[in-house]
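Novice: predicted model and sequence below, questions to follow.
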Amino acid sequence: MSYKTLYITLRRLIGERDVAALRSQLLQHGPVMFARALSLGSPRVVADALSLLPISDRITVLRHLPYPLRDAMKPLCIGGSQRLYMQPWSPAVLAMRHA
């Protein structure tokens, strides 16, 4: 199966919100081919697909996505923990240490 054919299948499954079939495609084709096919889409499509996968599968696919695509997805990743973004010397961290 070509990347484009797999991408078309993945787009259909994302639109249908069919988690079981999407995961089945990942298991059938492997994370490398799945990520390469998914990378044909926009960052929003990739984020939607990843949101449907369990966290372990999500991490596996993310590792195989091209860096520019992962970088373009950063604005879509909202609601993360603030602790991930704070530097150890930032005022917020120093205030938490003294509280």
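Specialist: Received the coordinates, thanks.
Novice: helices of this structure, residue ranges please.
Specialist: Along the chain, the segments classed as helices by DSSP state H run 3-16, 19-38, 43-52, 55-64, 67-73, 91-98.
Novice: in the longest one, what counts as buried?
Specialist: When you say that, I think you mean helix 19-38. Of the residues in helix 19-38, those with enough neighbours to count as buried (16 or more other Cβ atoms under 10 Å) are 22-23, 25-26, 29, 31, 33-38. Using the backbone N, CA and C atoms, a C-beta is placed for each residue, glycine as well.
Novice: check stretch 55-70 too.
Specialist: If you call a residue buried by 16+ other Cβ under 10 Å, then stretch 55-70 has these buried ones: 57, 60-62, 65, 69.
Novice: contacts for it?
Specialist: Contacts of stretch 55-70 with the rest of the structure, by Cβ atoms under 8 Å, 6 or more residues apart in numbering, involve 23, 26, 31-32, 34-36, 38-39, 43, 46, 49-51, 53.
Novice: if you set the cut-off to 7 Å instead, what comes out?
Specialist: 23, 26, 31-32, 34-35, 38-39, 43, 46, 50, 53 (Cβ atoms under 7 Å, 6 or more residues apart in numbering).
Novice: with stretch 34-50 instead?
Specialist: With contacts defined as Cβ under 7 Å, 6+ apart, stretch 34-50 is touched by 3-4, 6-7, 10-11, 14, 22, 25-26, 58, 61-62, 64-66, 69, 72-73, 76.
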